[in-house]
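Colleague: Okay, predicted coordinates and the sequence, questions at the end:
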Amino acid sequence: MICNKCGAQNAEGTPFCPSCGNRLAAPQNNYQPYQQVPPMQYAQQTEPVTSIGKYLLWWLVGFIPLVGFILTIVFAVDNSNKNRANFFRAQLIIMAIGILLSIIAVSLIVSAGVGMMNEVYGIFDTIEYLV
C-alpha cells in the first residue's frame, strides 16, 4: 500500500504511514448490503379495552365507606382483570397520598393552634400580674 501523502511503501492493513503519520485507506471489510428485516411481531392484547362506564362505576365503588376501601384492596390484589387491578392500585396510591397530606395539614393546624393558645395565655398572665 502506497501512502498518498509521502509516497512511502507500507505493508497491507497498516492504518497509518510509519514515515509521515498519514492515515492510510481503511481496510476493506465484507460489508453486507442492507437486508430487509421482517416487521416486529407485537404481543396480542389479552385484555379488552375497558369502557368509561366501568371506570366510573369502579370510581364510585371507592366512595362507599369501609366497604369501598375493602373492595379497593381486594380488586387491587386480584389479577383476573388487569385493567381493574391497575385502576384500584392507582386508587390505593392516591388514597395513601391523601392520607399523608391530611396528616401534614392537621399537624400544621394543631401546631398553629398551640402557638396561638400560648399567645392568648401569655396575655392573660400579663393581665393577672397587673391586677
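Modeller: Cool, got the structure. Since this is a predicted model, take the numbers as computed values, not measurements.
Colleague: Wasn't Asn79 part of a helix?
Modeller: No - according to DSSP: H, G, I helix; E, B strand; the rest coil, Asn79 belongs to no helix; its state is coil.
Colleague: And it, how far from Leu92?
Modeller: The gap separating Asn79 from Leu92 is 15 Å, by CB to CB, to the nearest Å. Any C-beta I mention is one placed from the backbone N, CA and C, and that applies to glycine too.
Colleague: repeat for Leu108
Modeller: For Leu108 relative to Leu92 (CB to CB), the value is 25 Å.
Colleague: The two: which is more packed in?
Modeller: Leu92 (16 against 10; other CB atoms under 10 Å).
Colleague: Could I get the full set of helices for the protein?
Modeller: Under the criterion DSSP state H, helices of the chain are mapped to 52-61, 67-77, 82-130.
Colleague: tally of neighbours for Val74?
Modeller: 10.
Colleague: still on that earlier bit, which stretch among the helices of the chain comes nearest Gly13?
Modeller: helix 82-130 (57.5 Å; CB to CB).
Colleague: Which other helices and strands does that closest one contact?
Modeller: Here helix 82-130 touches helix 52-61, helix 67-77, going by 3 or more CB pairs under 8 Å, 6 or more residues apart in numbering; DSSP states H and E.
Colleague: Any chance of the backbone angles for the closest residue to Pro18 other than its chain neighbours?
Modeller: Once flanking residues are discounted, Pro18 sits nearest to Asn10: 6.8 Å by CB to CB, 6 or more residues apart in numbering. In terms of degrees, to the nearest 10, the main-chain angles of Asn10 are phi -130, psi 160.
Colleague: my guess is Asn10 meets Ile2, correct?
Modeller: Yes - between Asn10 and Ile2 there is a contact under CB atoms under 8 Å: 7.2 Å.
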